[in-house]
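Chemist: below: sequence and its predicted model.
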Amino acid sequence: MWPSIINALALTAAIILVFILNILPARRGDRNLYLLILLVYLIVHLTGGLLMLNGVLNLSTYAMFSLSIVVLYGPTFYYYIRKFYDFPAKGYLWHVVPFELGLWFLFLMHGLKILETPQWFYNLYYTTILLVYFIAALKIRLSVPIKQGKDWMKTMAIGFGGLIILYIIESIWMSIDFDSIDRIVLINTTVYNLFCFVFLLISIKQIITRPEAFSKMRIRIPYSNEKIEDIDTELNVILSYVLHLKEYKNPNLNRTMISNATGVGIHRISEIINSKFEKNFNDWINDHRIKEAKLHLTNSQLSIKEICYEVGFNSKSAFNSAFKKRTNMTPSEYRLKNTE
């Protein structure tokens, strides 16, 4: 009875979390979408567990069903981590397809009695995949500092990492004591569901209390200069994206792009820049473009037109105007003066 109740509670929590996700933005390619995929896996898996505990699915059918879902956790969690840090992730999710097809091919060969595959081989198959991707995700998590959403990312890493570890433990336990597989599956499923329920409750609480740390959603909050909190952390996030990645060289750069990349609200970006640099967004961006243009004018053989486009201006006239505004000289005059 208790295993079924715990399973039902975990399933309910997962459905609630997906409902919240659908309220928040989860656009195609956004990190929220990858988390949504993970949660759909989890719901399907928990549904299968509930059916097994209530006698609808027999153990062998549930084992195949369970393996098919669990093998997807590792790759998808890894891609979610990459997306969370704004690392390239385009097309990576398709990596799960060969793993899933490979597993079902083994099931088919076994069912047709063409290839008798022992249980330990299945265990080794998905354990290896989970470990490889979990370690890869952990390396990113430990090596790259989080600028925003630290608590949320910690919860995700512990949550899905814990689910992966529980299945690895079950795999090893079954390989050692295969005769007790029924008892092992019941114990591990109960522990898994309990852990899952607690993890999902914590996730729901964090999303409700601090949605900005979870999502790239843009929330308009009526900040005032007296109420600005943690401005240095948000400024560092903006500087990291605009300056360290040299995104100011993108002629189409705007506050929306920065907001999408950093999670800092559009209006908040303007307020922080006004507060810290006492200038508007466009002037601040052009300052950095002109600073780099000066380096090219004195240290490179690029033409002025080439430099104009290299540093992020859309036209030579806009470049000349911004340059003269800051130096009282045209780019040609500046180059001539500083290369004599």
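Modeler: Done, it's in. Owing to the predicted nature of the structure, the values given are computational and were not obtained by experimental measurement. Numbering: from 1, shown residues only.
Chemist: contacts, neighbours, all on C-alpha from now
Modeler: Noted.
Chemist: helices and strands of this structure: which one has the lowest mean pLDDT?
Modeler: Scoring the helices and strands of the chain by mean pLDDT, DSSP states H and E places helix 211-214 at the bottom, with a mean of 56.
Chemist: return stretch 50-69 as CSV; C-alpha atoms alone will do.
Modeler: What follows is stretch 50-69, C-alpha atoms only, in CSV (Å, rounded to 0.1, in the frame of the first residue of the first chain):
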residue,chain,number,x,y,z
LEU,A,50,2.3,2.8,-10.3
LEU,A,51,0.9,0.3,-12.8
MET,A,52,3.5,-2.2,-11.7
LEU,A,53,2.8,-1.8,-8.0
ASN,A,54,-1.0,-2.2,-8.6
GLY,A,55,-0.5,-5.4,-10.7
VAL,A,56,-1.4,-3.9,-14.1
LEU,A,57,2.1,-4.5,-15.5
ASN,A,58,4.1,-7.6,-14.7
LEU,A,59,7.7,-7.2,-13.6
SER,A,60,9.4,-8.1,-16.9
THR,A,61,7.2,-5.7,-18.8
TYR,A,62,7.9,-2.9,-16.3
ALA,A,63,11.7,-3.7,-16.4
MET,A,64,11.7,-3.1,-20.2
PHE,A,65,9.6,0.0,-19.8
SER,A,66,11.7,1.3,-16.9
LEU,A,67,15.0,0.8,-18.7
SER,A,68,13.7,2.6,-21.8
ILE,A,69,13.0,5.7,-19.8
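Chemist: quick check: next helix or strand after the helix or strand hosting F323?
Modeler: Per DSSP states H and E, F323 falls inside helix 316-327. Using DSSP H and E, the helix or strand that follows helix 316-327 towards the C-terminus is helix 331-338.
Chemist: okay, now G55: neighbour count?
Modeler: 10 (other Cα atoms under 10 Å).
Chemist: quick check, pLDDT for it.
Modeler: If you check G55, the pLDDT there is 78.
Chemist: which SS state does it fall under?
Modeler: Following DSSP: H, G, I helix; E, B strand; the rest coil, the label given to G55 is coil.
Chemist: contacting residues for it?
Modeler: By Cα atoms under 8 Å, 6 or more residues apart in numbering, G55 lies in contact with nothing.
Chemist: same question for D177.
Modeler: Applying Cα under 8 Å, 6+ apart, no residues qualify as near D177.
Chemist: in the next helix or strand after the least confident helix or strand of the chain, what's buried?
Modeler: Following helix 211-214 in sequence order, the next helix or strand is helix 231-239 (DSSP H and E). Buried residues in helix 231-239, counted by 16 or more other Cα atoms under 10 Å: 231, 234-235, 237-238.
Chemist: and helix 231-239, what does it pack onto?
Modeler: When contacts are defined as 3 or more Cα pairs under 8 Å, 6 or more residues apart in numbering; DSSP states H and E, helix 231-239 sits against helix 255-262, helix 266-277.
Chemist: no more questions from me, cheers.
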